[in-house]
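1. missing the sequence, but the structure's below:
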């Protein structure tokens, strides 16, 4: 889950990328293909809560793809919007990117066994997501655990 500004409310540019109607994004950086699937879970008129599933694992992939679709991660000092990040720090006392890996699935390098890891949201993300998506805990309780 990530909290991102809505792209219609800012003038933010990025690298050339392809976004399909299904929400998939593909970006080729240094010749390496990267694929992310972005689903908007909630939107309050300024901010969105999105879920991103990645098919590849490139460095900063989610951060770069969200920047390229003009919805950088709130609190991201490298790929984000400085004015939005200052506002986040001042109003919510959050000084980090609001980016969370809820579920990670990998194959064990030796046995090949599928390994699944889950982690609960941090309190600052829950509070921010609650303001954007008041019914989120009812609609997707597994994301808030």
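-> Noted; the coordinates are in hand. Given the structure is predicted, the values throughout are model-derived calculations rather than measurements.

2. just the helices in this protein please.
-> 61-68, 82-92, 123-132, 136-139 (DSSP state H).

3. Quick check: which of the ones you listed is buried the most?
-> Comparing those by mean neighbour count (mean count of other CB atoms under 10 Å), helix 61-68 ranks first with a mean of 23. C-beta here means a position set from N, CA and C on the backbone, and glycine is covered the same way.

4. Packing partners of that one?
-> Under the contact definition 3 or more CB pairs under 8 Å, 6 or more residues apart in numbering; DSSP states H and E, helix 61-68 sits against strand 2-5, strand 24-29, strand 32-43, strand 47-54.

5. rank the ones you listed by mean pLDDT and give me the bottom one.
-> If you rank the helices and strands packed on helix 61-68 by mean pLDDT, strand 24-29 sits at the bottom with a mean of 51.

6. show me the contacts for the nearest residue to residue 101 once chain neighbours are set aside.
-> Distances taken as CB to CB, 6 or more residues apart in numbering place residue 119 nearest to residue 101, at 6.5 Å, with adjacent residues excluded. Contacts for residue 119 were tallied using CB atoms under 8 Å, 6 or more residues apart in numbering; they are 100, 101, 102.
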